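Engineer: Below are the sequence and a predicted model for it; my questions follow.
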Amino acid sequence: MENGLLRLSYPLRLKPLFADVAKRFGMWKDGNQPIKRLELDEMGTLVWDMIDGKNSVRKIASGFAKKYQVLPREAEVATASFLRDLGKRGLIAFSSPKSKPN
């Protein structure tokens, strides 16, 4: 957006039964799923920008703590909660670090 923050748009995920009801009541315009929008504040935008598939949750939390001068534990809790919410919305996925063969 013009203010440097982000607005994410993503399709609303519905279970098949609810999707049928939504279609009957005209929630799907032109056969397309309804779109949800999520506007991120400055802190959310910082975290989103750090999600690159390489940074760990710990590294993202560390960057958050440094930028906003909060305690590391406070940053970890806030970052983990935000990332969990993004995961529930289907916007990100988590993976475990690949173990290296000995």
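Structural biologist: Arrived safely. Numbering: from 1, shown residues only.

Engineer: Only C-alpha atoms from now on, for both contacts and neighbour counts.
Structural biologist: Fine.

Engineer: For the biggest helix by length in the chain, list every residue counted as buried.
Structural biologist: Secondary structure assigned by DSSP state H gives helix 72-88 as the longest helix of the chain. The neighbour-count check on helix 72-88 (16 or more other CA atoms under 10 Å) flags Pro72, Ala75, Glu76, Ala78, Thr79, Phe82, Leu83, Arg84 as buried.

Engineer: For it, which helices and strands make contact with it?
Structural biologist: For helix 72-88, the elements it packs on are helix 57-68, judged by 3 or more CA pairs under 8 Å, 6 or more residues apart in numbering; DSSP states H and E.

Engineer: for the helix it packs on, packing partners?
Structural biologist: Checked by 3+ CA pairs under 8 Å, 6+ apart, helix 57-68 has helix 42-50, helix 72-88 packed alongside it.

Engineer: Centre-most residue in the chain?
Structural biologist: With distances taken as CA atoms, centre = their mean, the chain has Leu86 as the residue nearest its mean C-alpha position (2.7 Å).

Engineer: separation between the residue lying closest to that residue once chain neighbours are set aside and Leu6?
Structural biologist: Distance criterion CA to CA, 6 or more residues apart in numbering; nearest residue to Leu86, sequence neighbours excluded, is Ile92 at 5.9 Å. Ile92 sits 15 Å away from Leu6, going by CA to CA, to the nearest Å.

Engineer: Compare those two and say which one has the larger neighbour count.
Structural biologist: Set Ile92 next to Leu6 and count neighbours by other CA atoms under 10 Å: Leu6 wins out with 18 against 14.

Engineer: Give the closest residue to that one in space, chain neighbours not counted.
Structural biologist: Per CA to CA, 6+ apart, closest to Leu6 is Leu40, 5.4 Å.

Engineer: Now do the same contact list for the one you found.
Structural biologist: Leu5, Leu6, Arg7, Leu8 (CA atoms under 8 Å, 6 or more residues apart in numbering).

Engineer: 7 Å instead, please
Structural biologist: Leu5, Leu6, Arg7 (CA atoms under 7 Å, 6 or more residues apart in numbering).

Engineer: which secondary element of this structure has the worst mean pLDDT?
Structural biologist: helix 16-24 (a mean of 72; mean pLDDT, DSSP states H and E).
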